[in-house]
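A.B. asks: attaching a predicted model along with its sequence, questions to come.
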Amino acid sequence: MDELNALPYLDSVVRETLRVHAPIPESIHMAMQHDIIPLQTPYIDKLGNTQSHIRLKKGQTIIIPIGTVNTDKTIWGKDAGEFNPERWQHVPEGSHSIPGVWGNMFTFLGGPKACIGYRFSLVEMKALIFTLVRAFEFELAVPASNITKKTTILQRPTLKDFSDEVDKNELPLLVRLVSS
Ligand code: HEM
């Protein structure tokens with residue numbers, strides 16, 4: 001595990017994958033009591049009044065936009081939606097204020113309801129990538145434009161079906177042994 005964590009580019013690839021393709025892109029929670037949430041940046045409401053807080057009522061549901069926070073252009077820059085592992089060589093200042101439990105992002109959420117399995121997931125991902133990319137070459141078996149994302153609770157790669165059938169959770173790949 002220490003050896004895997006000592007590989008900086010593998011770390012950047014895992015971070016960038018979990019930032020751009022957060023497996024849970026949205027979570028819904030419920031306020032257990034009335035609350036007032038202070039805002040970093042005030043906003044103008046529909047009546048034209050400036051608001052510096054959000055008032056929550058007990059029982060109100062709150063959508064936590066994990067994927068949107070992870071790809072916010074005001075934090076990550078114009079190319080926020082693009083996969084670019086090199087960006088982790090210079091982590092943007094604004095990302096330090098994201099209250100996530102790991103990695104300057106919201107993928108594993110934060111606070112008392114944060115994911116308890118995130119360390120396990122990171123080691124698992126690194127071990128799998130480390131093993132697979134040294135043994136095999138991967139190539140998409142269909143044009144990239146035929147692949148989209150579909151979210152139920154989990155977000156998955158999905159193969160567009162152009163024959164009016166339901167799209168399928170698939171990512172067809174050609175896999176070859178790495179030639180030595
Ligand atoms: C890439 C993989 C994973 C991602 C992206 C992920 C993400 C999350 C997120 C966003 C939450 C918060 C859900 C919410 O309350 O809105 C969560 C909760 C949780 N996760 Fe994960 N998770 C991952 C893997 C795992 C693994 C491997 C385990 C167990 C070994 C695990 C165990 C849990 C548990 C028990 C909770 C509930 C914590 C609580 O409510 O107190 N997760 N996860």
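C.D. replies: Nice, thanks for sending it over. Residues are numbered from 1 along each chain as shown.
A.B. asks: L4: what secondary structure?
C.D. replies: helix (DSSP: H, G, I helix; E, B strand; the rest coil).
A.B. asks: my guess is it meets V123, correct?
C.D. replies: Yes: using C-beta atoms under 8 Å, L4 is in contact with V123, at 6.7 Å. All C-beta atoms are positioned from the backbone trio N, CA, C, and that covers glycine.
A.B. asks: pairing partners for the helix or strand where K149 lies, with directions?
C.D. replies: Per DSSP states H and E, K149 falls inside strand 147-151. Strand 147-151 pairs in its sheet with strand 155-159 (antiparallel), by DSSP bridges.
A.B. asks: mind listing what's buried along the partner strand?
C.D. replies: Q155, T158, L159 (16 or more other C-beta atoms under 10 Å).
A.B. asks: alpha carbons only: can I get that strand in CSV?
C.D. replies: Taking C-alpha atoms only, strand 155-159 is exported to CSV below (Å, rounded to 0.1, in the frame of the first residue of the first chain):
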residue,chain,number,x,y,z
GLN,A,155,-23.2,6.9,-12.2
ARG,A,156,-22.0,4.4,-14.8
PRO,A,157,-20.7,4.4,-18.4
THR,A,158,-23.5,3.5,-20.7
LEU,A,159,-23.6,2.3,-24.3
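A.B. asks: now do the very next helix or strand once past it, average pLDDT.
C.D. replies: Going down the chain from strand 155-159, the next helix or strand is strand 173-177, by DSSP H and E. The predicted model assigns strand 173-177 a mean pLDDT of 96.
A.B. asks: ok so, going back, what about the strand holding K149 and the ligand, touching?
C.D. replies: No: Strand 147-151 is not in contact with the ligand by C-beta under 6 Å from any ligand atom; minimum separation 12.6 Å.
A.B. asks: returning to what we had before: nearest to the ligand, of the buried residues of strand 155-159?
C.D. replies: Checking the buried residues of strand 155-159 against the ligand with C-beta to the nearest ligand atom, the nearest one is Q155 at 9.4 Å.
A.B. asks: show me what the closest one is bridged to.
C.D. replies: Applying DSSP bridges, one finds that Q155 bridges with T151.
A.B. asks: thought it was touching A22?
C.D. replies: Yes: contact criterion C-beta under 8 Å: Q155 and A22 qualify, at 6.9 Å.
A.B. asks: can you tell me which of the buried residues of strand 155-159 are up against the ligand?
C.D. replies: Okay, of the buried residues of strand 155-159, nothing touches the ligand (C-beta under 6 Å from any ligand atom).
A.B. asks: follow-up on the earlier one: who touches both of Q155 and A22?
C.D. replies: Applying C-beta atoms under 8 Å, 6 or more residues apart in numbering, one finds that Q155 and A22 are jointly contacted by G67.
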